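Chemist: next come a sequence and a model predicted from it.
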Amino acid sequence: MILWWLGDVVLLAVVLPVVVYLLRGVLDAAKSIVPSVQEIANVAAAGSKDLDAAVLLLTTQEQVTQTVAGVANYGGSLDVILDDAR
Amino acid sequence: MLAFAAAGAVTILAVLLIVVALVFYLVSVIVQLRKITAGLDVVITHVGEIVEKSAPVNGVVTTINEQLDAGVELLEGLLVKKAGITDAVGLVDGLYAGAGAAGFRQFPESSTITAPRIGEVYTRGTLTLARLGREAPIAVGNPAGPALRDVERGSLAARQLYPEVRQTRPSSLPRSPVIGTHAPVQYEQREDIGAPRKRLPGHAR
């Protein structure tokens, strides 16, 4: 009978606080993850939006191609006009 | 008998409290995990967009770099062909101080050449005028004489406009003074410059 009461005391005074303490720790950790995930989502959205300009690289590529072609034509003309070094 | 019932009730109460605590906290954790899952879904969506949008960047940038490399090789080859490797290094070093030490990509030997101080001896305008001199009668001893035009070596004829030391022994030329804000020697401005000219007594009217 005494052991039973002793078990009850241990259950209420030790097991229950330990269980609450541990579960509270898990809950706090889970809560702390939520803001970080939301920040990551915001950063990912901003990064995705920043990359919208990546399409313009195709225009840049065309412009560079045309510019280099113009430089090549210009260089070819200079090659004809100017004399070579001796 | 009553004591057994009381002890049993306390046990049941304790177990019930533990179960209630478990349920409360575990449900709270589940709610938080669902929020995390929803947030990660958003992250995955945006990361997928990033991957999709950045996929062609590598190829496009590589193509742009190849085009620019071709342009650089073309211009370097043209410059070396027209000016010679030594003068080309000097011209580049004159326009961009220190760039001559790096040399040209297609001409590894250019990095070992001591760049002549073309850019400091002559301004770009002077070089242009000297080159134009092959077709215009400027800097010719007699303006009525023939123009310095040589259909085969016109640009070389322009070199005859300069002292002979520059043509055969350019390394013997004195080094040009470094001028400008960052010159090693700074001179104070003279006060008499810009002031009224002093009149000598004998020439006063």
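Modeler: Everything's here; your move.
Chemist: kindly export stretch B:172-186 (C-alpha atoms) in PDB.
Modeler: What follows is stretch B:172-186, C-alpha atoms only, in PDB (Å, rounded to 0.1, in the frame of the first residue of the first chain):
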ATOM      1  CA  SER B 172      67.700  55.800 -75.200                       C
ATOM      2  CA  LEU B 173      65.000  58.400 -74.900                       C
ATOM      3  CA  PRO B 174      64.700  60.200 -71.600                       C
ATOM      4  CA  ARG B 175      61.800  59.200 -69.500                       C
ATOM      5  CA  SER B 176      58.900  61.500 -69.600                       C
ATOM      6  CA  PRO B 177      58.000  63.300 -66.400                       C
ATOM      7  CA  VAL B 178      54.900  62.000 -64.700                       C
ATOM      8  CA  ILE B 179      52.300  64.700 -64.500                       C
ATOM      9  CA  GLY B 180      49.000  65.100 -62.900                       C
ATOM     10  CA  THR B 181      47.500  64.900 -59.400                       C
ATOM     11  CA  HIS B 182      49.300  61.800 -58.400                       C
ATOM     12  CA  ALA B 183      52.700  62.900 -59.800                       C
ATOM     13  CA  PRO B 184      55.600  62.100 -57.500                       C
ATOM     14  CA  VAL B 185      56.800  65.700 -57.800                       C
ATOM     15  CA  GLN B 186      54.300  68.400 -57.100                       C
END
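Chemist: tell me the SS of A:Gly7?
Modeler: Of the three states, A:Gly7 takes helix under DSSP: H, G, I helix; E, B strand; the rest coil.
Chemist: relative to B:Gly8, how far out is it?
Modeler: Using CB to CB, to the nearest Å, A:Gly7 is found at 11 Å from B:Gly8. For glycine as for every other residue, the C-beta is placed from the backbone atoms N, C-alpha and C.
Chemist: which secondary structure element contains residue 73?
Modeler: Looking at chain A here, since you left the chain open. helix A:56-81 (DSSP states H and E).
Chemist: other chain: chain B
Modeler: Judged by DSSP H and E, B:Glu73 forms part of helix B:57-83.
Chemist: what's the angle from that helix to helix A:56-81?
Modeler: Orientation note: helix B:57-83 sits at an angle of 10 degrees relative to helix A:56-81 (axes from the mean of the first three to the mean of the last three CA atoms, to 10 degrees).
Chemist: which strands and helices sit next to helix B:57-83?
Modeler: helix A:56-81, helix B:85-95 (3 or more CB pairs under 8 Å, 6 or more residues apart in numbering or on different chains; DSSP states H and E).
Chemist: just these: most buried one?
Modeler: Ranked by average neighbour count under the criterion mean count of other CB atoms under 10 Å in any protein chain shown, these are headed by helix B:85-95 at a mean of 21.
Chemist: I'd say A:Arg30 and B:Gln32 touch.
Modeler: Rather than Arg, residue A:30 is Ala. Yes: between A:Ala30 and B:Gln32 there is a contact at 3.7 Å, judged by CB atoms under 8 Å.
Chemist: could you list the low-pLDDT ranges of the chain?
Modeler: Defaulting to chain A. A:86 (pLDDT under 70).
Chemist: right idea, wrong chain: chain B
Modeler: B:119-163, B:166, B:201-205.
Chemist: surely B:Ser28 touches A:Leu27?
Modeler: Yes: with contact defined as CB under 8 Å, B:Ser28 reaches A:Leu27; the gap is 5.0 Å.
Chemist: with neighbour numbers in mind, choose between A:Gly7 and B:Gly8.
Modeler: A:Gly7 (15 against 12; other CB atoms under 10 Å in any protein chain shown).
Chemist: if we can go back for a sec, the helix holding B:Glu73 vs helix B:85-95, what angle?
Modeler: 120 degrees.
Chemist: show me which residues of helix B:57-83 are buried.
Modeler: Within helix B:57-83, the residues that count as buried by 16 or more other CB atoms under 10 Å in any protein chain shown are B:60, B:63-64, B:67, B:71, B:74-83.
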